[in-house]
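Participant: predicted model follows, preceded by the sequence.
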Amino acid sequence: MALGELVKTGDWKGEKHVPVIAAPEKTASGEAFEVKLCVGHEIAHPNTPAHYIKWIKLFFVPEGGKTPVEVANLTFDAHADTADAAKPGPAIAEPFGSVKLKLTVGGTLIAQSYCNIHGLWENSQSVVVG
């Protein structure tokens, strides 16, 4: 079995585990732009000690390329952890973050997220550089 066989996809508007990529569809070569990443954009994902998003990773695959470049790794370590299961802890990290990115060629942004219960999820978006 390959890890890729376990990665799930879906429409983020109806599935709370799919990572959302908010980035421009077109940019100028070498110009910095913001890429926002989140899980649970339309349907909130729970963030509790028992059910949470652990991380979101962003990759870039240049046009014609076969090897992804890891752009960002966002980790979420506060999940209302507490010793008292009936009472949530003092901090909860929401699965959201952003990164500034510069591209010299077009390609595909790929985001993966990991839910401790429901596993790996993926989404992608093309970006044209011109």
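Facilitator: Received, thanks. Numbering: from 1, shown residues only.
Participant: buried ones in stretch 56-63?
Facilitator: 56-62 (16 or more other C-beta atoms under 10 Å). Quick note: C-beta positions are derived from backbone N, CA and C, even for glycine.
Participant: chain center to it, what's the gap?
Facilitator: Here the centre of stretch 56-63 is set off from its chain's centre by 10 Å, with C-alpha atoms, centre = their mean, to the nearest Å.
Participant: nearest to Gly4 among the buried residues of stretch 56-63?
Facilitator: Taking C-beta to C-beta as the measure, Phe59 is the one of the buried residues of stretch 56-63 closest to Gly4, at 12.9 Å.
Participant: got the contact list for the residue nearest the centre of the chain?
Facilitator: Centre of the chain computed as the mean C-alpha position; nearest residue by C-alpha atoms, centre = their mean is Ile56, 3.7 Å away. Contact analysis of Ile56 by C-beta atoms under 8 Å, 6 or more residues apart in numbering lists 19, 37-39, 74, 76, 95, 97, 111-114.
Participant: specify the beta-bridge partners of it.
Facilitator: As for beta bridges, Ile56 partners with Leu74, Ser113 under DSSP bridges.
Participant: before we move on, back to that, from the buried residues of stretch 56-63, which is closest to Pro88?
Facilitator: Using C-beta to C-beta, the buried residues of stretch 56-63 come closest to Pro88 at Ile56, 22.2 Å.
Participant: okay, that closest one: pLDDT?
Facilitator: For Ile56, the pLDDT comes out at 98.
Participant: and Thr82, by the same measure?
Facilitator: So Thr82 comes in at 77 (pLDDT).
Participant: what's the answer for Ala78, then?
Facilitator: Confidence at Ala78, expressed as pLDDT, is 87.
Participant: state the mean pLDDT of stretch 109-128.
Facilitator: Averaged over stretch 109-128, pLDDT sits at 97.
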